[in-house]
Each structure stands twice: as C-alpha cells, then as structure tokens.
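J.: need a structure here:
(2 chains)
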Amino acid sequence: MSAARRPNELDLHAIVDDRLDRLRARELEVWLREEALLDERLESWRRSHLTLRAVYDPILSEPPPLFLSLALRAAQPPRAAETAPPPARRSAASPAASSPARFPLLVVVVSFLLGAASVVVGAAIFAHFADPARPDVAAGVVRALGLLARGLGFGS
Amino acid sequence: MRVLQDIERIVPSLRRTAHALCAGADAEAQGDEIVREALRRALTMRSPSNGVRLEVWLTALLIDVARAAAARPGPGVTMPRPEPRGEALAERVSLALGGLPREFREALVVVSIARMSYAEAAAALGVSAPQLVSRLTAARDQFAAALSGRGVSAKGRAPTHLRVVK
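T.: The predicted structure follows:
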C-alpha cells in the first residue's frame, strides 16, 4: 500500500495550475484511489464494530440466569478467612437476612398454640367421659379453653 | 468475600463476551454454560494478584473453556447451523460472527465487544501483540464482508494494487 507518495504542497499547486507532469499525475491518481479504498475499508470496519456492540451490549442489562448467581453464592471465596466482610455490606444484607428468620419463628409459635389447644380439648373430652360425676373438671377445662381462645384473639 | 462480589459484578460482561464467542449456534445456552464452567474454575483458583484485571483473568479462563468446548465432539460451539434466513439484525450478526474462524472471532470479540486494551486482549488470548493485530485485521475485513452480504474477498484484506472492481 501507498507505493505512491502523498501529494506535497507543490503538487497541490501544480494540480490547480494544471502543470503537473504526467508521471506524477499518475502517481497521485493511484494515491487517491488507495485513499478512497482505505476510507471505505475503515468505514466498513467502523460500521460493523458499532453493529456488534449494538447487538451484544444489551446483554449487560439482562439479569444473569439464576444458576450462575447460585454457583457464585454457593462457593467459598478463595481467601474468605482473611478478609472480613466490609461493614457497609451489613446494612444492605440485614433486611434480607431477617425476613426469612422471622417466618419460621411465626410458624413455631402458631403450631405451639395449636398443639396446646388440642391438648386442652383432648383433656376436656377425656374428663367428660372418664368422670361424668365431676363436671367441675370439665367446666374448668372449658374455662381454660376459653381463656386460651381469648388469648389468641378468637374469644369474645 | 470481596473477590466474590467483584466476580459477581463482572458476570454480565462475561456473559456478553461468552454469547459473542458462541455466536452462530445456540449462543445463549452455550454462552451461559461456558460462563458457568469458567466461574467454577475461577473459584478453585487464587484470584490474580499481579495487577491483572479480574475481568481479563476471567476472560482468559472463558476463552480456554470455549476452546475446549469447541474441540469436543457434539453440538459444536463454532459450527453455525444454517438457520432459516435471518431477517433480524441480531441473527445476521450472530451468523456472520459465528462464521469467522475461531481465532479471528476471539480477537474481534475481546477487543470490539469486551473493550479490552490490545495488550489485555493479547494476554487473554495467549498471543503476541502483532499476532493479535493481524488477527483483528482479518477478523474485521471478513466480518464486515459477511455482514454486508458480500463474499469474503480472496485475501480478506484491502488490495495493495489498484484495481477498482465496481
């Protein structure tokens, strides 16, 4: 490429004044055509470069598939022991950390109360059939049941 | 912990590179799969401490995984399936990119799409800087030709002597 020299200052004048010698004129013609081709090539590179980016850049804003995030979360960092988590991270992490913890607690409380209620009901039924002569036991159990229900917010 | 967070931040960029490396075939599934494998390898290694950018290091792993996947028989990463004539630009681009020889595609992807410096790109591909430049030249000529629908010119480079064909 560029076998021909680019036009110098004198060449430019000679072109305008129409006094370029034929050999140099031919050289400059070659040079111009090379320039045009280079220009075309560069333009095609630039166009396809921008097209590539336009097609692939949107991937940056896609959320990565879950299995990639999970692969990272499950992994231990290479030097986890040496580096403590930065304090700024704690505030961001705490709401996410506490909400799953609150749910199991609720489940435990509710199931405990349900268990207690069924024990009381069972005791009441047992007391009623086992000793019909002592209705005060059954009545006491029913009263306890009422208290429990009120405590749970169901009672009147 | 910090390294993991840094890696997590780079994942979208790695996916972009991977999808482009797997262009032509089932780019999305294969791209994500090579990212997964590269991350798996990365997590078993010490992260770079010699000033290498984490993304460059991870991309080098990604390139290795992609090459290994392409070398395996089976659904080829590099073989573009002749799909129904793509009208969509993305599909045409994917086919044109996937149709390039692997080493040309790699050079174009890490420089043009992943925006690495020439030195980083050469390091990630494991080639010398002059090699990278000549691959990039061939890649740009061939890709531009493929995208414009013209056949790839005989040598894939601008003519050095002057015969205007049009």
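J.: Is the helix or strand harbouring B:I34 in proximity to chain A?
T.: Using DSSP states H and E, B:I34 sits in helix B:27-43. Yes: contact of helix B:27-43 with chain A (C-beta under 8 Å from any C-beta of the partner chain) involves B:D32, B:V35, B:R36, B:L39, B:R40, B:L43. For every residue, glycine as well, the C-beta is placed using N, CA and C.
J.: Quick check: buried residues in that helix?
T.: B:27, B:30-39, B:42-43 (16 or more other C-beta atoms under 10 Å in any protein chain shown).
J.: neighbouring contacts of stretch B:26-34?
T.: A:64-65, A:67-68, B:15, B:18-22, B:62, B:65-66, B:69, B:75, B:77, B:94, B:98 (C-beta atoms under 8 Å, 6 or more residues apart in numbering or on different chains).
J.: Now the buried members of those residues.
T.: Among the contacts of stretch B:26-34, those buried by neighbour count (16+ other C-beta under 10 Å) are A:64-65, A:68, B:15, B:18-22, B:62, B:65-66, B:69, B:77, B:94, B:98.
J.: So which of those belong to helices?
T.: Counted as lying in helices by DSSP state H, out of the buried ones among the contacts of stretch B:26-34, are A:L68, B:R15, B:A18, B:H19, B:A20, B:L21, B:L62, B:V65, B:A66, B:A69, B:S94, B:G98.
J.: Low-confidence regions, chain A specifically.
T.: Residues of chain A meeting the criterion pLDDT under 70: A:1-3, A:75-113, A:115-156.
J.: let's see 50
T.: Residues of chain A that meet the criterion pLDDT under 50 lie in A:77-102, A:154-156.
J.: How about chain B?
T.: Using pLDDT under 50, chain B drops low at B:76-78, B:86, B:153-166.
J.: out of the buried residues of helix B:27-43, which one sits closest to chain A?
T.: B:L43 (4.3 Å; C-beta to the nearest C-beta).
J.: any idea how far that closest one lies from A:L68?
T.: Distance from B:L43 to A:L68, counting by C-beta to C-beta, to the nearest Å: 12 Å.
J.: What of B:G98?
T.: 22 Å.
J.: do the same with A:R5
T.: Taken as C-beta to C-beta, the span from A:R5 to A:L68 is 56 Å.
J.: same thing with B:A145?
T.: For B:A145, the distance to A:L68 - C-beta to C-beta - is 35 Å.
J.: now B:D6
T.: For B:D6, the distance to A:L68 - C-beta to C-beta - is 15 Å.
J.: can you tell me if stretch A:36-56 touches chain B.
T.: Yes: Stretch A:36-56 is in contact with chain B by C-beta under 8 Å from any C-beta, via A:37-38, A:41, A:44-45, A:47-49, A:51-56.
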